[in-house]
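Colleague: return a 3D structure for these sequence lines:
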Amino acid sequence: MSPVAGTALEPDHAAVLDGVDQLAAGRYRSELDESGLLDVDGFIDEFDELDEGHYNADFDWDDFNPDSYRTHNYLNLRDDDTEIIRMVGAFFGKFFETPPLAGLRGLDVGSGANLYPTMAMLPFCDAIDLRDFSRSNVAWLKRQVEFYDNHWDAFWDAYGGVPAYARLQKPRHRMRKAARVDRMNIFRLPERAWDIGTMFFVAESLTRDPGEFWQATISFGRALRVGAPFAAAFMADSEGYWVGDTYFPAVAVDLAKVEDCLSVVAHKLTLTMVETDSPLRCGYGGMILATGVAR
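Modeller: From the prediction side, this is the model:
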């Protein structure tokens with residue numbers, strides 16, 4: 001759904017293994033011996049069998065066309081996005097039912113051509129950092145946060161059932177004031193730097209490799225301060241996707257895999273499968289929304 005924050009990692013074993021919490025990786029729990037250590041040789045053998053084009057670094061993320069992606073995915077508000085917006089707004093609104101004493105610092109990872117995750121944090125933040133690896137996405141975001149296009153009004157309005165959002169009368173002004181766009185590698189996020197976070201359709205949509213999916217998700221969780229609320233969304237069972245004439249990869253995930261990964265860095269998790277009678281495209285099985293608290 002949302003353009004991907006790419007990385008500059010080389011597809012070698014050290015880069016893949018670095019940053020993955022081996023002992024919690026549910027996909028590989030069967031590989032643990034009695035001492036609790038991972039059978040690394042078996043882990044590496046699995047990567048050796050992969051063909052070219054599996055790793056994040058195999059794809060040119062600067063070729064990502066945010067205008068094409070926005071037109072296909074976000075020009076009109078869909079029923080599944082509406083459901084996600086309402087759930088995320090309700091979660092953050094309840095979490096901050098007592099407003100914070102000072103404005104928070106928010107993080108949206110892999111923002112791409114999707115503004116509604118950033119909108120979810122507007123009532124609570126003095127600053128929101130939008131981070132993406134693609135230069136084309138970064139340029140698009142810098143234009144949009146100055147004065148976003150009119151079709152985004154419908155997305156903001158979908159948050160309106162929550163009092164914290166209804167009280168914010170000038171979201172464009174708040175976006176312009178709070179949003180800070182920069183290019184950043186999702187695998188190299190600073191740790192414990194943000195008070196609230198979102199990551200929508202990113203970690204599963206930047207690689208075919210499950211290890212890199214884990215790495216990206218854990219990096220996001222560890223970027224948040226302990227106790228920080230977050231919302232993360234994932235395309236279920238995605239087979240990859242096209243943006244214009246360019247193909248980009250994906251890892252097929254389901255509710256169990258997402259929960260297994262997020263449980264490494266979060267607690268108080270709630271996962272919901274969001275389905276629709278009008279799929280966005282072929283090759284996926286719905287959307288997964290996860291909310292929780294960083295630990």
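
Colleague: going forward, measure contacts between C-alpha atoms and count neighbours the same way
Modeller: OK.

Colleague: okay, how far is it across stretch 180-197, tip to tip?
Modeller: 14 Å (Cα to Cα, to the nearest Å).

Colleague: strands of this protein, start to end?
Modeller: Assigned by DSSP state E, the chain shows strands spanning 104-109, 125-132, 179-183, 196-200, 229-235, 241-243, 246-248, 266-274, 287-294.

Colleague: dump those to CSV, plus mean neighbour count, distance to Asp254 and mean pLDDT.
Modeller: Converted to CSV, the strands of the chain look like this (neighbours: other Cα atoms under 10 Å; distance: least, Cα to Cα, whole Å; pLDDT from 0 to 100):
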stretch, mean neighbour count, distance to Asp254, mean pLDDT
strand 104-109, 26, 20, 98
strand 125-132, 23, 24, 98
strand 179-183, 19, 29, 99
strand 196-200, 26, 15, 99
strand 229-235, 26, 8, 99
strand 241-243, 15, 17, 95
strand 246-248, 16, 19, 95
strand 266-274, 16, 9, 99
strand 287-294, 24, 8, 99
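
Colleague: the ones you listed: which one's closest to His173?
Modeller: Shortest distance between His173 and the strands of the chain, using Cα to Cα, is found for strand 179-183: 10.1 Å.

Colleague: tell me what the closest one is packed against?
Modeller: Judged by 3 or more Cα pairs under 8 Å, 6 or more residues apart in numbering; DSSP states H and E, the packing partners of strand 179-183 are strand 125-132, helix 135-146.

Colleague: relative to Phe220, which of these is closest?
Modeller: The nearest among the helices and strands packed on strand 179-183, by Cα to Cα, is strand 125-132 at 11.2 Å.

Colleague: please name every helix or strand in contact with the closest one.
Modeller: strand 104-109, helix 116-121, helix 171-178, strand 179-183.

Colleague: would a markdown table of the ones you listed with distance to Ala57 be doable?
Modeller: Shown next, in a markdown table, are the helices and strands packed on strand 125-132 (distance: least, Cα to Cα, whole Å):
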| stretch | distance to Ala57 |
| --- | --- |
| strand 104-109 | 18 |
| helix 116-121 | 25 |
| helix 171-178 | 31 |
| strand 179-183 | 16 |
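
Colleague: low-confidence regions, this protein specifically.
Modeller: Within the chain, the stretches with pLDDT under 70 are 1-52.

Colleague: quick one, which of the helices and strands packed on strand 179-183 is nearest to Leu75?
Modeller: It is, among the helices and strands packed on strand 179-183 and with distance given as Cα to Cα, helix 135-146, at 13.7 Å.

Colleague: quick one, that closest one and strand 125-132 angle?
Modeller: Relative orientation of helix 135-146 versus strand 125-132 (axes from the mean of the first three to the mean of the last three Cα atoms, to 10 degrees): 160 degrees.

Colleague: hmm, who's touching helix 135-146?
Modeller: 3, 61-67, 111-113, 131-132, 172, 175-176, 179, 181-183 (Cα atoms under 8 Å, 6 or more residues apart in numbering).

Colleague: again, only this time at 6 Å
Modeller: Helix 135-146 is touched from outside by 62, 66, 112, 175-176, with contacts defined as Cα atoms under 6 Å, 6 or more residues apart in numbering.

Colleague: which residues sit in contact with the residue most central in space within the chain?
Modeller: Note on the chain: the residue nearest the mean C-alpha position is Met199, at 2.3 Å, using Cα atoms, centre = their mean. By Cα under 6 Å, 6+ apart, the contact list for Met199 reads 108-109, 232.

Colleague: ok, Asn150 to Pro66 distance?
Modeller: For Asn150 relative to Pro66 (Cα to Cα), the value is 16 Å.

Colleague: just give me the closest of the contacts of helix 135-146 to Pro190.
Modeller: Gly112 (19.6 Å).

Colleague: circling back: let me know the closest of the contacts of Met199 to Glu191.
Modeller: Val109 (13.4 Å).

Colleague: for the closest one, give the beta-bridge partners.
Modeller: Arg131, Met199 (DSSP bridges).

Colleague: circling back to that earlier point, most neighbours out of the contacts of helix 135-146, which is it?
Modeller: Gly112 (33 neighbours; other Cα atoms under 10 Å).

Colleague: where do the helices sit along the stretch 1-150 of the chain?
Modeller: Ranges of helices in the stretch 1-150 of the chain, per DSSP state H, counting those that start in this stretch, are 13-17, 40-48, 66-73, 79-95, 116-121, 135-146.

Colleague: could you export the fifth one as PDB, CA atoms only?
Modeller: This points to helix 116-121. Taking Å, rounded to 0.1, in the frame of the first residue of the first chain, the C-alpha atoms of helix 116-121 are listed here in PDB:
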ATOM      1  CA  TYR A 116      -2.500   9.400   6.600                       C
ATOM      2  CA  PRO A 117      -0.100   7.700   9.000                       C
ATOM      3  CA  THR A 118       1.500  11.100   9.700                       C
ATOM      4  CA  MET A 119      -2.000  12.600  10.100                       C
ATOM      5  CA  ALA A 120      -2.700  10.100  12.800                       C
ATOM      6  CA  MET A 121       0.000  11.800  15.000                       C
END
